[in-house]
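Peer 1: Please find the sequence and the predicted model below.
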Amino acid sequence: MRIAVVREALATDPSPLETRVAATPDSIKRLKALGFEVSVESGAGQAANFPDSAYIDAGATIATDARSNYADADILLKVRPLRDRSDLGAHEVDLVREGATVLGFFYPGRNTELLERARARKLTVLAMECVPRISRAQKMDALSSQANIAGYRAVLEAANRFGSFFTGQMTAAGKVPPAKVLVIGAGVAGLAALGAAKGLGAIIRSFDTRAAVREQIESMGGEFLEVTFKEDGDGGGGYAKEMSPAFLEAEYALFRQQAKEVDIVITTALIPNKPAPKLWFQDMVELMKPGSVIVDMAAESGGNCDVTVANEVVVHNGVIVLGFTDLAGRLPTTASNLYGQNLVHLLTDMGGAKGWKVDFDDEVVRGATVTHDGAITWPPPAAKPAAAAPVAAKPAAAPAPVAAVAAPEPIKSTGGHGHGKVAREHLGSARTAPLTWVSLAILVVAYLGLSTSGNDASGLHHFAQQLTIFVLSCFVGVQVIWSVTPALHTPLMSVTNAISGIIVVGGMLHMHGDLSHPAPILALLAVLFATINIGGGFLVTRRMLRMFHK
Amino acid sequence: MPTATPMDVFKGLAWVIAGVLFISSLRGLASQETARRGNGYGIVGMVLAILAMLVAGSKDNVVFLIGALAIGAAVGVTMAQRVAMTAMPEMVAILHSFVGLAAVLVGYAAYLAPGHATVDSAERIEIWLDVLIGAITFTGSIVAFLKLRGSLSGKPLLLPGRHLANLLMFGASLAMVVPFATLPGVEALPFLLAMTLLACILGVHLVAAIGGADMPVVVSMLNSYSGWTAAAAGFMLDNNLLIITGALVGSSGAILSTIMCRAMNRSIWSVIFGGFGADAPAGGGNGAKVEGEMTETTIDELTEELRNAKEVIIVPGFGMAAARAQHAVKQLVDLLRKRGVNTRFAIHPVAGRLPGHMNVLLAEASVPYDIVLEMDEINQDFPRTDVVFVVGANDIVNPAAQTDNTSPIYGMPVLEVWKAKRVVVLKRSRGAGYAGVDNPLFVAPSTRMLFKDAKAGMEELVTKISA
């Protein structure tokens, strides 16, 4: 099957230009391994720093005729939704073969006319932003992979405009306080922003209506800001829902208070298929110190801040408000690489070139497919509730490359000393079990001994002596063995094994008498076997111990 | 004591010293620094005890006796020199069987010893106990040996009504103590023989019913039995040295078994009686079905990830032992450490088929022991680890043990590898682990799978990284 990769940006496009590309040399190697033929439009990777030659090295062919590149393809890989190729004088919907498959961002809710045109051309369109946010699909989740990059870049853009250090410093000339960064919305982008800001040395804090992300914020070393009002805003699928008016009032009060303190605000609040919620009002901007920076990551959906203008830098009352919508594209190489991998994973899920199938029983494929076979298949039927179950042990809320921060348990970091205590406690409780055992053994032996020694007083006395020795030895054994390091358990076993060869003494005690009698012969055999044990056990222990070294 | 000759005093003294040496020997095993000295104490103690017997004991058949000692020692030494480190579990198991066999033989010798016409019930009972434990140890160890060698399947043999059968066999051998302890002379012999036979069958059956994953416990338990049998012989022969040594070894084995059971979250009883774990885990289920897909990786990708990592932890399992990959692993670690990657090992207490199995293998490959850490020491380090490389391990890194209370291994302490940024699992096939439990780690988003033989995969990796 043939895959086509095309140029995303045209010289005539309004700024910002799309810098990303849907396949990189890395992802093409993997596509080839899946059995696909790949042809790349000349110059497609230019803006992402992938020259044509790199694609050729990875095994792709370079298409100089852009039109036939579209027409010959079974599958078209895109970043942006299908568009008008003014340089070719046609729309991409019409350039691809009828019935072809298209993978890329599509936004069917916004592009209803385009959706209808794709249906009419009988295209199979998989919209990358529609990939369900379930555990299994995390590796195909392009929204997350791009949001992660955007969050990182948002911090760098803020730092670039900010007039001070992020990290606090004591210099000979005086003290510089650390920057305070507030991130609103701790989804994938928010967490990435927190991580990047922390890395630069800032004091980080974050607000999110979903209580579940508290641990994730704290694990990044951030402070989780709370309002004094209980309401959980988990709207499913990693998004927050809209909150009640009373909650919002409390939230805004918190923001007004924070506005006076913080230097950088990064807002990431999005609600699926709706304009972004306004939550950083003009009066909050005016409360901030001059020179503070706001990065509105929701600018494309209308912005979280009143004064945001998409794709522009606005200075309001001395506060710099950045409304960039191409944050991920500002790291074009990595953004393309990760997006390319998302596509590879989705194509793998669909069976590769050999087992290619648009399988509507596959929840991921079903969710992402918006047109198929001349029909509009969007929105998909509501997902089965069971869908969230697999690997539910993993955090539900973080379909993110930053998922490491969202381990099932908060990292109960106690430093180097904590575990010692735990280990000892464990040991303490473990001690009782073998003692019960040993006591049990003693009781059995004692019972047998006492009941059979009869009235013979000296026999009883003798037995009591032996029992004392036995019991004391057991306790000595218990005490000694507990201190053995687990690394030496195998040598311990072989040395105790050798020592239990002491049974040889028992054999030797019965060696007296004529060899025609069975007893000394049996004893002789016992000596033989026990000595094998002694020799073997000690030597094997020696061999093992000699290997341990620092 | 009727009359104590100077010889008796000499013997007694030698035995006290031997006993102290044995205790020091075990004490020495506590840490790597003193372990070799500990083994030395053990050897000196043993030689002293045998010499004391030779000097002070009966001089009948002394030529044969010395011959037997020489042959036995020669055979033992040869075995110990030839055995491969990977075959250590089998070696230990077969050595246990020798102790059991010797104990049985000593028991018979004591019974048949000339001048035993009169019935001393107490002594008879002690003989009975010695032979019983000895025979169970003997055949049980042989089955364990065969299972560890792979000559017998690791699957537990679960006969219907096996607990009843065990109970009946044990009851029958118990019942035989009555005629055996009361009948005069050789008349009691059939009962002793019948009991020995029953105990032998019991030993086979008990160990056969235990699954391969429980082998570390079985081996340490047989170790314990071999101690108790020596102690029983001590009571029988009125020999304090045997009692002391037997008690030491017995309690040592019992503690090891307990430690192993805890590490696997199994009740000691279910291991002793076998098969319990196989039919009804505490949660009553087989664990939640794991859904999701494994993401495969390549040697190239792994090379890249390891090169870029700062903190790497390698988790070895039985797969490493089975493929004899420890030397390749050591090479990998050397390469990474030379590049400044902090590479360490995390050892689960029941990794492998023997307590401490992995430590011995890594030591054989001359991995320094200060980078080999126990579960408790390293578990809190996983969250700040870049790459965890799991080599042929499965159940010991299964997060279901903490999260899924229907899983058969729920509650077992495990290495929390999933907290690391990246987990790469090197594994022969897609199959479940020894416990037959699905592992959600393999489909976790941060996990990559590498399906290869541990040794071949390692060697390829070493070539790539050194290139």
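Peer 2: Sure, I can see it.
Peer 1: tell me which parts of the stretch 101-250 of chain A are close to chain B?
Peer 2: Contact residues, the stretch 101-250 of chain A versus chain B (CB under 8 Å from any CB of the partner chain): A:135, A:136, A:138, A:139. C-beta: built from backbone N, CA, C; applies to glycine.
Peer 1: can you do 10 Å?
Peer 2: With the criterion set to CB under 10 Å from any CB of the partner chain, the stretch 101-250 of chain A comes near chain B through A:134, A:135, A:136, A:137, A:138, A:139, A:141, A:219.
Peer 1: could you redo those as CSV and give each row pLDDT and neighbour count?
Peer 2: Formatted as CSV, these follow (pLDDT from 0 to 100; neighbours: other CB atoms under 10 Å in any protein chain shown):
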residue, pLDDT, neighbour count
A:134, 80, 22
A:135, 72, 25
A:136, 78, 19
A:137, 84, 26
A:138, 81, 25
A:139, 86, 21
A:141, 90, 26
A:219, 79, 19
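Peer 1: Narrow the residues you listed to those in helices?
Peer 2: residue A:219 (DSSP state H).
Peer 1: Excluding chain neighbours, what is closest to residue B:170?
Peer 2: Nearest in space to residue B:170, with sequence neighbours left out and distances taken as CB to CB, 6 or more residues apart in numbering or on different chains, is residue B:202 at 6.6 Å.
Peer 1: and the host helix or strand of the one you found, which residues are buried?
Peer 2: Assessed by DSSP states H and E, residue B:202 sits inside helix B:189-208. Neighbour counts over helix B:189-208 (16 or more other CB atoms under 10 Å in any protein chain shown) mark B:191-192, B:195-196, B:198-208 as buried.
Peer 1: in stretch A:62-76, what's buried?
Peer 2: Within stretch A:62-76, the residues scored as buried using 16+ other CB under 10 Å are A:63, A:66, A:69, A:70, A:72, A:73, A:74, A:75, A:76.
Peer 1: any chance of these in TSV, plus secondary structure?
Peer 2: Converted to TSV, the buried residues of stretch A:62-76 look like this (DSSP: H, G, I helix; E, B strand; the rest coil):
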residue	secondary structure
A:63	strand
A:66	helix
A:69	helix
A:70	helix
A:72	coil
A:73	coil
A:74	coil
A:75	strand
A:76	strand
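Peer 1: Closest to chain B out of these?
Peer 2: residue A:75 (20.7 Å; CB to the nearest CB).
Peer 1: So the closest one sits against residue A:2, correct?
Peer 2: Yes - using CB atoms under 10 Å, residue A:75 makes contact with residue A:2 at a distance of 7.3 Å.
Peer 1: anything in contact with each of these two?
Peer 2: A:36, A:38, A:100, A:353 (CB atoms under 10 Å, 6 or more residues apart in numbering or on different chains).
Peer 1: all helices in the stretch 301-450 of chain B, in order from the N-terminus.
Peer 2: Using DSSP state H, counting those that start in this stretch, the helices found in the stretch 301-450 of chain B span residues B:318-322, B:326-338, B:357-364, B:375-378, B:400-403.
Peer 1: where in the chain is pLDDT low?
Peer 2: Just going to use chain A. Applying pLDDT under 70 to chain A picks out residues A:229-231, A:233, A:235-240, A:383-460, A:550.
Peer 1: I was after chain B.
Peer 2: B:1-4, B:114-119, B:154, B:212-213, B:265-266, B:270-291, B:431-437.
Peer 1: Could you report the neighbour count for residue 234?
Peer 2: Unless you meant another one, I'm taking chain A. 17 (other CB atoms under 10 Å in any protein chain shown).
Peer 1: oops, I was thinking of chain B
Peer 2: 28.
Peer 1: excluding its backbone neighbours, what's nearest it?
Peer 2: Among residues not flanking residue B:234 along the chain, residue B:242 sits closest, at 3.0 Å (CB to CB, 6+ apart).
Peer 1: Would you enumerate the residues in contact with that neighbour?
Peer 2: The neighbours of residue B:242, taking CB under 10 Å, 6+ apart as the test, are A:500, A:502-506, A:509, B:15, B:49, B:103, B:106, B:130, B:229-236.
Peer 1: right, and the secondary structure at residue B:294 would be what?
Peer 2: Residue B:294 - assigned by three-state DSSP - is coil.
Peer 1: So what does it look like in phi/psi?
Peer 2: Residue B:294 has phi and psi values of phi -80, psi 140 when expressed as degrees, to the nearest 10.
Peer 1: what's the answer for residue A:4, then?
Peer 2: Here is the backbone geometry of residue A:4 (degrees, to the nearest 10): phi -110, psi 140.
Peer 1: just the one 3 residues further on next, same as before
Peer 2: Phi and psi for residue A:7, reported as degrees, to the nearest 10, are phi -70, psi 140.
Peer 1: Provide a list of residues in contact with residue B:194.
Peer 2: B:172, B:173, B:176, B:179, B:180.
Peer 1: do the same with residue A:535
Peer 2: Residues in contact with residue A:535 (CB under 10 Å, 6+ apart) are A:498, A:501, B:43, B:46, B:69-80, B:95.
Peer 1: Now, of those residues, which are buried?
Peer 2: For the contacts of residue A:535, a burial check counting by 16+ other CB under 10 Å picks out A:498, A:501, B:43, B:46, B:69, B:72-73, B:75-77, B:79-80, B:95.
Peer 1: Dump those into CSV; add distance to residue B:56 and secondary structure as well.
Peer 2: Listed next are the buried ones among the contacts of residue A:535 as CSV, based on distance: CB to CB, whole Å; DSSP: H, G, I helix; E, B strand; the rest coil:
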residue, distance to residue B:56, secondary structure
A:498, 23, helix
A:501, 19, helix
B:43, 20, helix
B:46, 16, helix
B:69, 16, helix
B:72, 21, helix
B:73, 20, helix
B:75, 26, helix
B:76, 24, helix
B:77, 26, helix
B:79, 30, helix
B:80, 29, helix
B:95, 28, helix
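Peer 1: how about the residues you listed in CSV, adding distance to residue B:374?
Peer 2: CSV is the format used below for the buried ones among the contacts of residue A:535 (distance: CB to CB, whole Å):
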residue, distance to residue B:374
A:498, 25
A:501, 30
B:43, 28
B:46, 30
B:69, 39
B:72, 36
B:73, 35
B:75, 36
B:76, 31
B:77, 32
B:79, 30
B:80, 27
B:95, 26
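Peer 1: all strands of the stretch 51-200 of chain A, in order?
Peer 2: Secondary structure of the stretch 51-200 of chain A (DSSP state E, counting those that start in this stretch): strands at A:61-63, A:75-77, A:84-85, A:90-91, A:101-104, A:124-127, A:169-171, A:174-176, A:180-184.
Peer 1: which one of those strands has the most crowded surroundings?
Peer 2: strand A:180-184 (a mean of 27; mean count of other CB atoms under 10 Å in any protein chain shown).
Peer 1: circling back: of the buried ones among the contacts of residue A:535, closest to residue B:302?
Peer 2: Nearest to residue B:302 among the buried ones among the contacts of residue A:535: residue B:80, at 38.1 Å, using CB to CB.
Peer 1: I figured the closest one was touching residue A:497, is that so?
Peer 2: No - using CB under 10 Å, residue B:80 is not in contact with residue A:497; the gap is 11.1 Å.
Peer 1: list residues touching both of these two?
Peer 2: Joint contacts of residue B:80 and residue A:497 (CB under 10 Å, 6+ apart) are A:536, A:537, A:538, A:540, A:541, B:91, B:95.
Peer 1: rewinding a little: what distance do you get for the residue nearest to residue B:170 to chain A?
Peer 2: As judged by CB to the nearest CB, to the nearest Å, residue B:202 and chain A stand 17 Å apart.
Peer 1: Wait, that residue touches residue B:143, no?
Peer 2: No - at 11.2 Å, residue B:202 and residue B:143 do not qualify as touching, with contact defined as CB under 10 Å.
Peer 1: In contact with the residue nearest in space to the middle of chain B: list those residues for me.
Peer 2: Chain B has residue B:219 as the residue nearest its centroid, 3.4 Å off, counting by CA atoms, centre = their mean. When contacts are counted by CB under 10 Å, 6+ apart, residue B:219 is found next to A:490, A:493, A:497, B:89-90, B:92-93, B:96, B:141, B:144-145, B:148, B:207, B:253, B:256-257, B:260, B:353-355, B:357.
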